[in-house]
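need a 3D model of the following:
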Amino acid sequence: MIRPFRRDEVAWAARQHAELMPGSAFAEIGTGFLECFYERFAASPHAVARVWEEDGRPAAVIAAVSDRPAFVRGLVGRHGARLALHAARALLRPGGLRLLARLRGYPGRAGDAPIVAEMIFITVAPGVRRRGVAHDLIRAVLEEYGRRGTARVHVTIERGNDAVRRVLESLGFARVRSFAFAGKEHDLLQLGTAPAAGGAP
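As a prediction, this is how the structure comes out:
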């Protein structure tokens with residue numbers, strides 16, 4: 001069952017993110033840093049977050065924004081001090097400067113248009129993989145984008161993440177460009193028009 005992400009699931013989402021994507025730069029900063037993001041995903045009117053529930057427990061989550069600048073303003077306004085504290089602690093650990101260097105270079109524009117609507121995080125627990133969960137979660141977010149009248153959606157994936165790429169391409173996404181971020185090669189994909197609720201992508 002797919003339903004909205006709840007604030008009481010923030011700690012779970014941050015832990016799952018850290019466990020399933022341990023090499024990601026945000027996970028390296030720590031679960032406290034991730035919790036700030038997921039708290040904002042649960043509360044912000046500029047976010048779209050959904051959970052796949054299995055046997056009454058969350059097993060997968062997708063977190064997206066419909067207005068990235070507004071979401072970031074709210075994130076910093078609500079959690080800026082906590083984010084800075086967690087980041088400072090990470091930078092003081094061995095390899096902290098390397099981590100800071102990795103975090104540079106995230107894209108803010110796609111061609112001539114700013115990136116506004118963006119799918120940011122998705123994690124699927126091993127026990128529910130290969131059942132179309134990622135496809136259904138992405139589809140649910142796209143339908144919500146359609147209800148909000150969003151015309152263009154972006155998503156970034158690491159090069160080589162073929163499983164997610166196939167899902168995105170099946171829903172109409174196409175690669176815009178490639179870039180380096182956090183020491184890895186990434187592809188930026190775009191869907192030109194989000195589908196209306198119940199419509200075809």
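
so where is this protein shaky, pLDDT-wise?
Applying pLDDT under 70 to the predicted model, the residue ranges of the chain that meet it are 100-103, 193-201.

which stretches in it count as helices?
Along the chain, the segments classed as helices by DSSP state H run 10-20, 25-29, 31-43, 68-92, 96-102, 133-148, 162-170.

could you dump those helices to a markdown table with mean neighbour count and distance to residue 113?
Placement of C-beta: from N, CA and C, glycine included. Written out in a markdown table, the entries for the helices of the chain read as follows (neighbours: other CB atoms under 10 Å; distance: least, CB to CB, whole Å):
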| stretch | mean neighbour count | distance to residue 113 |
| --- | --- | --- |
| helix 10-20 | 19 | 28 |
| helix 25-29 | 20 | 25 |
| helix 31-43 | 21 | 23 |
| helix 68-92 | 15 | 12 |
| helix 96-102 | 14 | 26 |
| helix 133-148 | 20 | 15 |
| helix 162-170 | 15 | 18 |
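
where's the residue of the chain most remote from its centre relative to residue 12, distance?
Farthest-out residue of the chain from its mean C-alpha position, per CA atoms, centre = their mean: residue 94, at 26.9 Å. According to CB to CB, to the nearest Å, residue 94 and residue 12 sit 29 Å apart.

picking that back up, angles on the backbone of the residue farthest from the centre of the chain, please.
Geometry field for residue 94 lists phi and psi as phi -50, psi 130, criterion degrees, to the nearest 10.

and the gap between it and residue 28?
In this structure, residue 94 and residue 28 are separated by 12 Å, where distance is defined by CB to CB.

likewise residue 138?
Between residue 138 and residue 28 the distance is 25 Å, computed by CB to CB.

and residue 50, by the same measure?
In terms of CB to CB, residue 50 sits 26 Å off from residue 28.

go on, residue 96?
Going from residue 96 to residue 28 by CB to CB gives 10 Å.

go on, residue 169?
Plainly put, residue 169 is 29 Å away from residue 28 if you go by CB to CB.

can you check residue 142 too?
When distances are taken as CB to CB, residue 142 and residue 28 turn out to be 30 Å apart.

again with residue 147
The spacing between residue 147 and residue 28, counted by CB to CB, is 35 Å.
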